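Colleague: coords below, sequence missing:
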Ligand code: HEC
Ligand code: HEC
Ligand code: HEC
Ligand code: HEC
Ligand code: HEC
C-alpha cells in the first residue's frame, strides 16, 4: 500500500540525511531525555531557524517521527486515503485525499453558493498542510487572503520579520496580503519553531490569533490581561500548541484579521451568539437566501467540552503519546489518528485490549454519525422548503424566521460535523449539538407551515446584503465564477466506496 511505501522512502530519506537514531541504551522518560538534550549544543538553533532539518540534527528522533506525517492510512471515520491523481500544471499533486462533498452530496447542498461546495476534502498529516492549501480549488474560485497562511505554514519567524520584531504587527501585515503574496514568503509546514522555544525547547504559542482568542475568553471569565505564554501550565500548553490552529475562526473586517470567536465562551451557543451580535455571515445561501455560516475544525472547542478535558487529558496525550525510537522514549511527533496507535495512545491510561478501546471509540462515533445524518437530512429539508416557499412568492419579511432557523441549524450541524473526531472528543456534547440542529431545522419548517408557530429561540435579523469589502472566509466575491458554484469543474475522482 501507499502508506508502507511512503514509510520506507521516509526511512531512506532519514538515513540519507544521516538521521540514524539510538545511541545510549538508557531507558529514560521523554522529559528526562529532553533535559539531556537541552544540555546538548543548542547554538545552531536560534530564533530564526525555521528549517526543521536543522533542529533534526539535534533531535533526530522527534524529527524522524515528524517526517512520518506524510503517511496516509484510513480508520473507520478518520485518517485519510491516499488517492492517486494525474498531476496538472494547475495542481501538481500526485496524491490527494478523498473528497468529502463527493462522498456526501448533501454537503454541497447545504454549502451551495460557497467555495466549500466546490472542493472540500478529508484532512491529512501536517506535512501536506501547505500544498493542500495552495492547490485546493477553493483558491481558484475565490481570491483568498494571506490570513489563510496563519495555520498552514511555519510563520513564527515571518511574523517578526514582517513586523520588524513586532509579531503582532507582522501578523496584521500577513493578513492583508493576497494569498499569492503570502505564499511566496513561506516554505515549511508547521515546524519546530512554531511550538518550541529554541534552546530550552519549552513549549510556546506563537499564533497571535490564539493569544488574542484566549485573552478574550479569559476576560469573559473575569481574568484580566491573560497571557498564554506567561500564565498557562505545562499541561495546558500540551493542548494550546494544537489549539493554535484546530479551532473555529473567521476573518474580521476589511483588514481580514484572523479571529477566534471566543469572547463569550467556547460552547456552540456562545459562538452563535457572538456571530449573531456581530451580524456576521459567511455567505447568502444560493437556494434559500439565508445569511449562513460555515464552521471549521473546532477540535479545541469541542475537546474542551468532553470528559477527557475535564479529567485533564490533553491533545498531546492521545495524538503525541510516548513512543520508543531506538532506545529513546520521546513524544511521538507523528501527529495522527490515535486509533492507528491505540496501544500508545489509550492503553497508558485505560485497561483492556487494543481492540476493546478501538471498539469503544467507534461505538461513540457510530452513534454520533447516525445523529449527524438525521441533522443533515433535516437541514436539507428546511433549505428545500424555504426555496419552494420563495418560488411560491413568499416575501423576504415572511422568510426571516425560517432563514434564521436555517442559519442556526446549519451552524450547529456544521460545528459538530467539521470537528474532526466524529464525536469522540466530546461524545455527549457533539450528539446534543446534532439534536439541537434537528430541532432548529424542524422548527424552521413549522414556521413556514404555520405563521402562528413561535420558535423557541429569538429570531435575529441578519442582513443578506452583499458584504462589501468585509472579509469573509472563502466568501465568493460577487460576480465571480463562484456565484455559480463550479461543481461541474471538479476533476472526476477515483470512484470508491462511500467512507461512511
Ligand atoms: C482522549 C484522547 C484524545 C484527546 C485528548 C484528543 N483527541 Fe483528537 N482524536 C482522538 C480520537 C480517538 C480521534 C478519532 C480518530 C479517528 O476517527 O480515526 C481523534 C481525532 C482527531 C482529529 C482528526 C484525525 C483524523 O485522523 O481524522 C484531529 C484533527 C484531532 N483529533 C485533534 C485534536 C486536538 C487538536 C485535540 C486537543 C484540543 C485533541 N484532538 C484531543 C483522541 C483524542
Ligand atoms: C485557524 C486556522 C486555520 C486557518 C486560518 C485556515 N485553515 Fe485550513 N485547515 C486548518 C486545519 C486545522 C485543517 C485540518 C482540519 C480540517 O480539514 O478540518 C485545515 C484544512 C484545510 C484544507 C484541507 C481540507 C479541505 O478543506 O479540503 C484546506 C484545503 C485548507 N485548510 C484551506 C484553507 C484556506 C484556503 C484557508 C483560508 C481561507 C484556510 N485553510 C485557513 C486550519 C486553518
Ligand atoms: C505542533 C507543535 C509541535 C511541533 C511542530 C513540534 N513539537 Fe516537539 N513537542 C511538542 C509537544 C506537545 C511536546 C511534549 C512536550 C511536553 O510535554 O513537555 C514536544 C516535545 C518535544 C521534545 C522534548 C522531548 C520529547 O520528545 O518529549 C523535543 C526535543 C521536541 N519536541 C523536538 C521537536 C522538533 C525537533 C520538532 C521539529 C522537527 C518539533 N519538536 C516540532 C509539540 C511540537
Ligand atoms: C500551524 C497550524 C497547526 C498546528 C499548530 C497543529 N495543526 Fe494539526 N493540522 C493542521 C492542518 C492545516 C492540518 C491538515 C493538513 C492537510 O490536510 O493537508 C492538520 C491535520 C491534523 C491531523 C490529521 C492527521 C491525519 O493524518 O489525518 C491531526 C490528528 C492533527 N492535525 C492534530 C494536531 C495536534 C494534536 C496538534 C498539536 C500537537 C496539531 N495538530 C497542531 C494545522 C495545525
Ligand atoms: C492520559 C490518560 C488518558 C488517555 C491517554 C486516554 N484516556 Fe480515555 N479517559 C481517561 C479518563 C481519566 C477518563 C474518565 C473521565 C471521567 O469520566 O471523568 C476517560 C474516559 C474515557 C471514555 C469514557 C468517556 C467518554 O468520553 O465517553 C472513553 C470511551 C475513553 N476514555 C476512550 C479513550 C480512548 C479511545 C483513548 C485513546 C485514543 C483514550 N481514552 C485515551 C483517561 C485517558
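Modeller: Yes, it's here. Computed from a predicted structure; not experimentally measured. Ligands and ions are numbered 1, 2, ... in the order given.
Colleague: need the contact list for the residue of the stretch 1-150 of the chain found nearest ligand 1.
Modeller: When distances are taken as C-beta to the nearest ligand atom, the stretch 1-150 of the chain reaches nearest to ligand 1 at residue 78, 2.6 Å away. Bear in mind the C-beta positions are built from the backbone N, C-alpha and C, glycine included. Residue 78 makes contact with 337, 339, 420, 421, 422 under the criterion C-beta atoms under 8 Å, 6 or more residues apart in numbering.
Colleague: again with residue 260
Modeller: Contacts of residue 260 (C-beta under 8 Å, 6+ apart): 209, 210, 212, 213, 216, 247, 248, 249.
Colleague: how about the residues of the chain near ligand 2?
Modeller: By C-beta under 6 Å from any ligand atom, the residues of the chain that approach ligand 2 are 120-121, 123, 132-133, 136, 138, 144, 147-148, 150-152, 245-247, 249, 258, 296-297, 418, 420, 473-474.
Colleague: Now do the strands in the stretch 51-200 of the chain.
Modeller: Here the stretch 51-200 of the chain has its strands, by DSSP state E, counting those that start in this stretch, at 83-84, 95-96.
Colleague: ok, the first one: who's next to it in the sheet?
Modeller: Put plainly, it is strand 83-84. strand 95-96 (antiparallel) (DSSP bridges).
Colleague: Excluding its own residues, what touches the partner strand? List them.
Modeller: 2, 72, 82, 83, 84, 85, 121, 132.
Colleague: quick revisit: and among the strands of the stretch 51-200 of the chain, the most buried is which?
Modeller: Of these, the one with the most neighbours on average (mean count of other C-beta atoms under 10 Å) is strand 95-96, at a mean of 22.
Colleague: Give me the mean pLDDT for that strand.
Modeller: For strand 95-96, mean pLDDT rounds to 96.
Colleague: same check, this time on stretch 237-257
Modeller: Rounded to a whole number, the mean pLDDT of stretch 237-257 is 97.
Colleague: How far does it stretch from one end to the other?
Modeller: 24 Å (C-alpha to C-alpha, to the nearest Å).
Colleague: Then stretch 259-271?
Modeller: End to end - C-alpha to C-alpha - stretch 259-271 spans 12 Å.
Colleague: Helix, strand, or coil at the residue of the stretch 351-500 of the chain found nearest ligand 4?
Modeller: Proximity of the stretch 351-500 of the chain to ligand 4 (C-beta to the nearest ligand atom) peaks at residue 420, 6.9 Å away. Following DSSP: H, G, I helix; E, B strand; the rest coil, we place residue 420 in the coil state.
Colleague: Now do residue 183, the pLDDT please.
Modeller: pLDDT at residue 183 comes out at 98.
Colleague: Would you mind measuring from it to ligand 3?
Modeller: According to C-beta to the nearest ligand atom, to the nearest Å, residue 183 stands 20 Å off from ligand 3.
Colleague: ok, now residue 125?
Modeller: 12 Å.
Colleague: Pretty sure residue 66 is one of the things that residue touches, is it not?
Modeller: No. Applying C-beta atoms under 8 Å as the test, residue 125 and residue 66 come out as separate, 9.8 Å apart.
Colleague: Which neighbours do these two have in common?
Modeller: residue 334.
Colleague: shaky segments in this structure?
Modeller: 1-43, 467-500 (pLDDT under 70).
Colleague: which parts of it sit against ligand 4?
Modeller: Residues of the chain lying near ligand 4 (C-beta under 6 Å from any ligand atom): 79-80, 123-126, 128-129, 132, 151-152, 190, 194, 241-242, 244-246, 315-316, 319-320, 335-337.
Colleague: so what's residue 259 up against?
Modeller: 209, 212, 213, 249, 250, 251, 252.
Colleague: Now intersect those residues with the helices, please.
Modeller: 209, 212, 213 (DSSP state H).
Colleague: which of these are close to ligand 5?
Modeller: Among these, proximity to ligand 5 is found for none (C-beta under 6 Å from any ligand atom).
Colleague: Near ligand 3, which residues of the stretch 351-500 of the chain? Just list them.
Modeller: Counting by C-beta under 6 Å from any ligand atom, no residue of the stretch 351-500 of the chain is near ligand 3.
Colleague: oh sorry, the question was meant for the stretch 51-200 of the chain
Modeller: 52, 55-56, 59, 62-63, 66, 190-192, 194-196.
Colleague: Most neighbours among those residues, which one is it?
Modeller: Among these, residue 62 has the most neighbours (other C-beta atoms under 10 Å), with 28 neighbours.
Colleague: what about the spatially closest residue to residue 181 that is not a sequence neighbour, neighbour count?
Modeller: Once flanking residues are discounted, residue 181 sits nearest to residue 146: 6.3 Å by C-beta to C-beta, 6 or more residues apart in numbering. Counted with other C-beta under 10 Å, residues neighbouring residue 146 total 24.
Colleague: My understanding was that residue 146 contacts residue 172; is that so?
Modeller: No. At 10.2 Å, residue 146 does not count as touching residue 172 under the criterion of C-beta under 8 Å.
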